[in-house]
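>>> model the following, please.
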Amino acid sequence: MSIDRETFENTSEDELTELSVPDQVLGFLVAHDDRAFQAREIAAQTDPDESAVSTALTRLKGRGLVEHKATYWAVTTDDDRLRSYSGYERATALYNERLGRENKDEWQEHAPEEPHPSLEDTE
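This is a model prediction of the structure:
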């Protein structure tokens, strides 16, 4: 994806660097820390394909940052471990910058009663 010259000149290198796949996956799971997802669901909601997401999840599990049960993945509940991950702070900051800080109370107020059909298990 290209950017305009003004953005190129006025944006720091850190801001222009894309998030790594593990950072994207972890950022997604942190933003949805009350749920567990299948790899294909995470891939559908983020940029990387399912294969890249699966690899990232395995690496994040090895670092103790995500938990795995059957075909589902969730972010760890160990906040200290999360904060110790160097990509966590950067991913959180970039997601907050792009999307704004999440207010879970506001989100819950507008959340649908039923999950989106794309999040339902079709198997």
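
>>> from here on, just use CA atoms for contacts and neighbour counts.
Noted.

>>> show me where this protein dips below the pLDDT cut-off.
For the chain, applying pLDDT under 70 flags the ranges 1-4, 7, 11-12, 14-19, 86-104, 107, 116, 118-123.

>>> one more time with 80, if that's ok
Scanning the chain for pLDDT under 80 picks out 1-20, 83-123.

>>> what ranges do the helices span in it?
Ranges of helices within the chain are 5-10, 13-16, 21-31, 39-45, 50-62, 79-84, 86-99, 104-110, based on DSSP state H.

>>> mean neighbour count added to these, as JSON lines?
Shown next, in JSON lines, are the helices of the chain (neighbours: other Cα atoms under 10 Å):
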{"stretch": "helix 5-10", "mean neighbour count": "9"}
{"stretch": "helix 13-16", "mean neighbour count": "10"}
{"stretch": "helix 21-31", "mean neighbour count": "22"}
{"stretch": "helix 39-45", "mean neighbour count": "18"}
{"stretch": "helix 50-62", "mean neighbour count": "18"}
{"stretch": "helix 79-84", "mean neighbour count": "12"}
{"stretch": "helix 86-99", "mean neighbour count": "15"}
{"stretch": "helix 104-110", "mean neighbour count": "10"}
